[in-house]
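**Student:** no FASTA, just this:
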């Protein structure tokens, strides 16, 4: 079996789900949420950091993060996630104080999804890094060309599919587009 075939085997949806997605889904389902609202910003940050720490430990089979690390990392995730909804950490806090937009449950779902997205990106990047020799330009271009041919339907319109050389230099843009496309397709199929 060739390196390209092994790369594509490790990028199959079922393989990614088994190695990455299921761990995140199970961590989210197992977290006990005692209340869907918070009464203060300190409680909001504490609860979000507690969840983040719990989720991180479950997925990565490790000990807890420091409170500082958990808080700073979850704040970054909340800012990033709520930017997609034209909001920020303050709007996330407000949602959790009055249970609007799903309250704390929705916040934790969004944090879990962001963690799963980031871990999926890291997994796919590691697969590419294992099978693509950084000093073999022709091989890099050919693997990217084959990737675009196989997964082109998932790639966004901003990806220039006829220019694999462009992504052979830095395939992170291609990977993010692929993950976003898979996520959109999966969400569309669930709605049907």
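**Tutor:** The structure has been received and is ready for your questions. This is a predicted model, so every value here is computed, not measured.

**Student:** alpha carbons only for contacts and neighbour counts from here, please
**Tutor:** Will do.

**Student:** Could you point out the longest helix of the chain?
**Tutor:** helix 103-131 (DSSP state H).

**Student:** tell me which strands and helices that helix is in contact with?
**Tutor:** Under the contact criterion of 3 or more CA pairs under 8 Å, 6 or more residues apart in numbering; DSSP states H and E, helix 103-131 touches helix 3-10, helix 22-30, helix 41-60, helix 67-83, helix 89-98, helix 172-191.

**Student:** Residue 29 versus residue 84, what's the distance?
**Tutor:** As for residue 84, its distance to residue 29 is 24 Å (criterion: CA to CA, to the nearest Å).

**Student:** Repeat that for residue 138.
**Tutor:** 45 Å.

**Student:** and the angle from the helix or strand just after the longest helix of the chain to helix 3-10?
**Tutor:** Sequence-wise, the next helix or strand downstream of helix 103-131 (DSSP states H and E) is helix 137-151. Using axes from the mean of the first three to the mean of the last three CA atoms, to 10 degrees, the inter-axis angle of helix 137-151 relative to helix 3-10 is 40 degrees.

**Student:** Mind listing what's buried along helix 137-151?
**Tutor:** 139, 140, 141, 142, 143, 144, 145, 147, 148 (16 or more other CA atoms under 10 Å).

**Student:** For that helix, name the packing helices and strands.
**Tutor:** Helix 137-151 packs on helix 164-169, going by 3+ CA pairs under 8 Å, 6+ apart.

**Student:** Which residue lies nearest the spatial centre of the protein?
**Tutor:** residue 117 (0.6 Å; CA atoms, centre = their mean).

**Student:** Mind listing residues that contact stretch 159-177?
**Tutor:** The list of residues contacting stretch 159-177 from outside it, by CA atoms under 8 Å, 6 or more residues apart in numbering, reads 121, 124-125, 137, 140-142, 144-145, 148, 152, 154-156.

**Student:** Let's see that with 10 Å instead.
**Tutor:** Here stretch 159-177 makes contact (CA atoms under 10 Å, 6 or more residues apart in numbering) with 117-118, 120-122, 124-125, 128-129, 132, 134, 137-149, 152, 154-158, 178, 180-183.

**Student:** same question for that stretch, mean pLDDT?
**Tutor:** Across stretch 159-177, the average pLDDT comes to 91.

**Student:** Just give me how far it sits from the chain centre.
**Tutor:** 19 Å (CA atoms, centre = their mean, to the nearest Å).

**Student:** again, but for stretch 3-19
**Tutor:** The answer for stretch 3-19 is 17 Å, by CA atoms, centre = their mean.

**Student:** Pull up the distance across it, start to finish.
**Tutor:** Using CA to CA, the two ends of stretch 3-19 sit 19 Å apart.

**Student:** quick one on the thing from earlier: for the longest helix of the chain, which residues meet the burial criterion?
**Tutor:** 103-108, 110-117, 119-121, 123-124, 127-128, 131.

**Student:** That one versus helix 3-10: what angle between them?
**Tutor:** 170 degrees.
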